[in-house]
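> this is a predicted model, with the sequence first.
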Amino acid sequence: MSSISQHQLGHALPRNVKPIEYRLSMNISIPKFAYHGKVDIQLQIIEDTTSITLNAAGNLTVNKSLIRLQAEDSDKIYELSTTHDAEAETLTVTLDETLSAGKRATLTLEFENKINDDPKGLHRSPFTNSQGQTEYIVTTQFEPTYARRAFPCFDEPALKAKFKVNLKTNNNLTCLSNTDGRQLNDKSFEFDQTPPMSTYLLAFVIGGLECHTNTSFRVPVRIWLTPDQNLAHANFAGQIVAQSLEYYEEELSCKYPLPKLDVVAVSNFEHGATESWGLIIAKNEYVLWDKEIHTPFMQATIIWVLDHETLHQWLGNLATWASWNDWWLKEGLVTLFTNQHCAQLFQELNLSENFSAFRVAPDLRYGLPDWTHPVKVPVTSPHEFYQTITFDSYQRSQYILSVVQTHATRQKFRQGIRNIIGKYGSSTVCAHRLWEALEQLGCAKVEDVANFWAETGGYCVIEVTEDDTKGNIRVKQMPFHRNKDIRESRVIGPLFMTIETKNGVQSHLIQGVDNHEYQVDLLFYKLNVNNVAPYYTLYTEERLLELARQFGNGLIDINGMLGLLAETTVLTTAGISKKPGCLNPSTREIASKASNKT
């Protein structure tokens, strides 16, 4: 767990009050690209206070003269003053009298804003109608801290609350939100109350949409798209999402908690997709599948993205990480489980070769700065958080967790996740609770290892030598550096080292620079199962040649060979191996074997 808690961060909200429920009403005009609304926020008073601070971005206009505060069991009208800090994106309401701890109160605010093309908060997404004219739908992107751009709220993941949403808009448009809704008249929609959830998971979409419904799962899966798209191209997405829901219900031993899951394909979106609870929103290319023109890799990408966002319905939405400092864990866990499920899906669809690209591409960039930076960093502002979101962060995060999973065993790791969902579903959880759950299952030192490599970044080297007379290997941990520049990396830390043999996988905790000896069958062994641990293995030249010759005997797959190629290339170009990569016979042998299989 980070030493900096969320409420200590410079831009974090005080914890003197806590939101319980939002009643949000919005009147949205697509022709005018504008909206106005009102939100009633029921609050639990945690400490005696004379002020309430919540989030409101600088682009949002809050009508200060219409702010009201009503304490429960009281008719008192408070004298209020307000302060808007545009840089911190906060609005502070100051009272003329103290609100007592233990009471509840309702804060009412009215607001308005424009709708533009910037895919943050509430924004518009274009499509071309049958007459060749540009029309728009309105959609949302609230993750990570964009809900405050749409309406005043307590915009931090730890501050979960229930939402009751009412939307008014132009005639005869489709309105979607997280829960089921009903049309009250031509312009008004009312949605069922949500379970407690973070503001970044709230979503709504408004526009002229068409729908494909898949009913193979116990709740409907609906794929929505604009009229310029082919409805038949939504079939595949419906099948994948339904399959993923069924799979993760069993994998996590927890039923999907909402009565439906909508997926909306849009043209304009900041990220590839977002996991809003019950309402996934994604770019067209990550939803719509045309077998006549799309490549197998594009099909694999659609599967991966939809499976990833579906899993977030449990890991992130139901059980929510309390701080953005744990973003690496939120995305790393889901990426790890997604890769495991997609390996199965890709095999069923004969797409396994494309899965190699998902798994191995980062290995070929070992040592590059973006790939080696820490993924667990203190976040003190929204701007700092946005800078941490990279594809490499997703991959490094899931690699660290894959090492933990291999050490713990997949069964215990999964049980730890199930325990977290069972205990913290509908609430929030910190990283320490996950490590605690795993250690209660007998998986020692996982917190030390995971935190070290998440906070440190970088890589080390494991040098392996063999003793034929004893039938064992001797390993030693060394810092990794390129061209002997020791200033570049001095990373030495606790590490789970895995050894793959004919008899299965061994996992050992090694610490420091001392030599460690392990008994293995020297006929076949390979360190770093699945090439995911943050170290490079420095084998002898003879062992590398033997591994290259053993490729194809079922003990080393294409991912293993590509990982060996990446390691030998990096170590030779870094000057750690004795021969340059182009002269290294083991590198040439491995490259030859790998190229014949790709």
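Yes, it's here.

> helix, strand or coil for the closest residue to E79 other than its chain neighbours?
The shortest distance from E79 to any non-neighbouring residue, by C-beta to C-beta, 6 or more residues apart in numbering, is to D96 (3.9 Å). (C-beta placed from N, C-alpha, C; glycine too.) Following DSSP: H, G, I helix; E, B strand; the rest coil, we place D96 in the strand state.

> equivalent analysis for T310, please.
helix.

> chain neighbours aside, what residue packs nearest to it?
Among residues not flanking T310 along the chain, S244 sits closest, at 4.0 Å (C-beta to C-beta, 6+ apart).

> that neighbour against D307, yeah?
Yes. Counting by C-beta atoms under 8 Å, D307 is a contact partner of S244 at 4.7 Å.

> which residues do those two both contact?
Each of H341 lies in contact with both S244 and D307 under the rule C-beta atoms under 8 Å, 6 or more residues apart in numbering.

> between these two, who's got more neighbours?
With neighbours defined as other C-beta atoms under 10 Å, S244 and D307 compare such that S244 has more, 27 against 24.

> select the longest helix from this structure.
The longest helix of the chain (DSSP state H) is helix 327-348.

> may I have it as PDB, with CA atoms only?
Provided in PDB are the C-alpha atoms of helix 327-348 (Å, rounded to 0.1, in the frame of the first residue of the first chain):
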ATOM      1  CA  TRP A 327      -4.200   2.100 -11.100                       C
ATOM      2  CA  TRP A 328      -1.400  -0.200 -12.100                       C
ATOM      3  CA  LEU A 329      -3.000  -3.000 -10.100                       C
ATOM      4  CA  LYS A 330      -6.500  -2.300 -11.500                       C
ATOM      5  CA  GLU A 331      -5.300  -2.600 -15.100                       C
ATOM      6  CA  GLY A 332      -2.600  -5.100 -14.500                       C
ATOM      7  CA  LEU A 333      -4.900  -7.700 -12.900                       C
ATOM      8  CA  VAL A 334      -7.500  -7.300 -15.700                       C
ATOM      9  CA  THR A 335      -4.900  -7.500 -18.400                       C
ATOM     10  CA  LEU A 336      -3.400 -10.700 -16.800                       C
ATOM     11  CA  PHE A 337      -6.800 -12.400 -16.600                       C
ATOM     12  CA  THR A 338      -7.800 -11.200 -20.100                       C
ATOM     13  CA  ASN A 339      -4.600 -12.600 -21.600                       C
ATOM     14  CA  GLN A 340      -5.300 -16.000 -20.000                       C
ATOM     15  CA  HIS A 341      -8.900 -16.100 -21.200                       C
ATOM     16  CA  CYS A 342      -8.000 -14.800 -24.700                       C
ATOM     17  CA  ALA A 343      -5.400 -17.600 -25.000                       C
ATOM     18  CA  GLN A 344      -8.300 -20.000 -24.800                       C
ATOM     19  CA  LEU A 345     -10.600 -17.900 -27.100                       C
ATOM     20  CA  PHE A 346      -7.900 -17.400 -29.700                       C
ATOM     21  CA  GLN A 347      -7.200 -21.200 -29.800                       C
ATOM     22  CA  GLU A 348     -10.900 -21.900 -30.300                       C
END
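
> so what does that helix touch, helix or strand wise?
Counting contacts by 3 or more C-beta pairs under 8 Å, 6 or more residues apart in numbering; DSSP states H and E, helix 327-348 packs against helix 235-252, helix 296-311, strand 320-321, helix 352-360, helix 382-388, helix 391-408.

> tell me which stretches of the stretch 1-150 of the chain form strands.
Taking DSSP state E, counting those that start in this stretch as the test, the strands found in the stretch 1-150 of the chain are 17-29, 34-45, 49-55, 61-62, 68-71, 80-85, 90-99, 104-114, 121-128, 134-141.

> format the ones you listed as JSON lines; extra columns: mean pLDDT.
Shown next, in JSON lines, are the strands of the stretch 1-150 of the chain (pLDDT from 0 to 100):
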{"stretch": "strand 17-29", "mean pLDDT": "98"}
{"stretch": "strand 34-45", "mean pLDDT": "98"}
{"stretch": "strand 49-55", "mean pLDDT": "98"}
{"stretch": "strand 61-62", "mean pLDDT": "96"}
{"stretch": "strand 68-71", "mean pLDDT": "95"}
{"stretch": "strand 80-85", "mean pLDDT": "95"}
{"stretch": "strand 90-99", "mean pLDDT": "96"}
{"stretch": "strand 104-114", "mean pLDDT": "98"}
{"stretch": "strand 121-128", "mean pLDDT": "96"}
{"stretch": "strand 134-141", "mean pLDDT": "96"}
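
> now the ones you listed as TSV including distance to T572 and mean neighbour count?
Converted to TSV, the strands of the stretch 1-150 of the chain look like this (distance: least, C-beta to C-beta, whole Å; neighbours: other C-beta atoms under 10 Å):
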stretch	distance to T572	mean neighbour count
strand 17-29	57	19
strand 34-45	59	19
strand 49-55	51	20
strand 61-62	60	16
strand 68-71	68	17
strand 80-85	54	14
strand 90-99	53	17
strand 104-114	57	18
strand 121-128	48	20
strand 134-141	44	21
